Structure formats: C-alpha cells, structure tokens
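Visitor: Fold the following for me, if possible:
(one chain, ligands or ions: 2)
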Amino acid sequence: MSEKVNILIVEARFYEDLADEMASGAIEALEKAGADYERISVPGALEIPAAIRFAADSGHYDGYVGLGVVIRGETTHYDYVCGESARGLQELAIKDRLALGNGILTVENGDQAWARAARDRGNKGAAAVEAALRMVELKSKYGLGR
Ligand SMILES: Nc1c(NC[C@H](O)[C@H](O)[C@H](O)CO)[nH]c(=O)[nH]c1=O
Ligand SMILES: CC(=O)[C@@H](O)COP(=O)(O)O
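Guide: Ligands and ions are numbered 1, 2, ... in the order given. Okay, here's the model as predicted:
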C-alpha cells in the first residue's frame, strides 16, 4: 500500500477517564505504525457500530477502531450493550468487509476495566489498533481497497 494508512478511531465516552487511556494507547500504536488517524466520539458503546457505518460511506478510511468500556450494572442492559455492540462490529467486518479492531472492554467492575485499559497493563486500545491494521493488510492483499 503506497499512501499512508488512514484509520478512524470511534471512542465511546461513557467513562471519560478510561476512554482517554484507551485512546492514548491506540494513538501510540498508530503513531508507531506510521498511520494517519482521525478521532470521533459517541456517547456509549451501542453507538460505535453505527458511527463506523456512517463514516465508511465517505471512503476516507482504510480501517476503523472502536474503543469503549462497558461495566455491568444492576440490570440486563449490560448484556444488550455488550452483545449488540459486538454484533454490530462483526456485521460491519463480515457483511461490509470493513477492516476494524474491536476495543470495547466488557467487564464486571472498574478494576477489571483499568487492568485492561491501562497502557502499562493490558493496553487493549493498542491491541485494537493492531487488529485493525492487520485487517487493512489483508484487505490490501486481496485487492479489496477501502
Ligand atoms: N452502561 C454503559 C453504556 N450504556 C450506554 C449505551 O452504550 C448507549 O449509549 C445508550 O443506551 C444510549 O443509546 N455504554 C458504555 O459504553 N458503557 C457502559 O458501561
Ligand atoms: C452497561 C450498562 O448499561 C449499565 O452500566 C447500566 O447500569 P444499570 O444496569 O444499573 O442501569
């Protein structure tokens, strides 16, 4: 791929501090890889797939990274937020052939979230970038373009 890879980061800002850490890890990974990137935000993880789908029609991006943190509460809403955000991303990847990384943490509590979000621990924001970049490579290998 001759020109620089351009990645869109879609951040769910439900937990602002965790979102910042996840985004920082993702950005460090993108800069290390020499990729260009843009950032947009949504209220919560449920909105990530739709935001990616809106952006994909622009043809501006080679890949997408969804970042979010879903922490179980008192009701079954957790199950829907986790399940539907994951399903939405999978549909975008499979049906729309979008190169994306899923960086949506689905955890029981804040400690579990920080153990995975922190750059010096799980650094899952960077992991989602690495997944997205690999999928960009595969799309290029098979001539699928943006
Ligand atoms: N509880 C969490 C949510 N809930 C909000 C939804 O994602 C969505 O924004 C709302 O239902 C309006 O459509 N989102 C998270 O990202 N993390 C949570 O823990
Ligand atoms: C994951 C959620 O949507 C959750 O934070 C909502 O909390 P609750 O189930 O207590 O309303």
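
Visitor: quick one, phi psi at Asp36?
Guide: Taking degrees, to the nearest 10, you get phi -80, psi 160 for the backbone angles of Asp36.

Visitor: Hmm, Leu8 and it touching each other?
Guide: No: in this structure, Asp36 is not within contact of Leu8 by CB atoms under 8 Å, at 10.0 Å. C-beta: built from backbone N, CA, C; applies to glycine.

Visitor: Which positions within stretch 3-11 qualify as buried?
Guide: Val5, Asn6, Ile7, Leu8, Ile9, Val10, Glu11 (16 or more other CB atoms under 10 Å).

Visitor: I meant stretch 18-28, not that one.
Guide: Buried-residue list, stretch 18-28, by 16+ other CB under 10 Å: Leu18, Ala19, Glu21, Met22, Ala23, Ser24, Gly25, Ala26, Ile27.

Visitor: same check, this time on stretch 50-70
Guide: Quick answer for stretch 50-70 (16+ other CB under 10 Å): 51-52, 55-56, 61-70.

Visitor: can you list the buried residues of stretch 3-11 in CSV and add secondary structure?
Guide: Formatted as CSV, the buried residues of stretch 3-11 follow (DSSP: H, G, I helix; E, B strand; the rest coil):
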residue, secondary structure
Val5, coil
Asn6, strand
Ile7, strand
Leu8, strand
Ile9, strand
Val10, strand
Glu11, strand
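
Visitor: Report the two of those residues separated the most.
Guide: The largest separation in the buried residues of stretch 3-11, counting by CB to CB, is between Val5 and Glu11 at 18.9 Å.

Visitor: Next, please give the residue ranges for the strands of the chain.
Guide: For the chain, the strands defined by DSSP state E occupy 6-12, 36-42, 63-71, 100-107.

Visitor: Counting by contacts, list what the first one packs against.
Guide: Using 3 or more CB pairs under 8 Å, 6 or more residues apart in numbering; DSSP states H and E as the contact test, the elements touching strand 6-12 are helix 16-33, strand 36-42, helix 48-56, strand 63-71, helix 124-141.

Visitor: Appreciated, that's everything.
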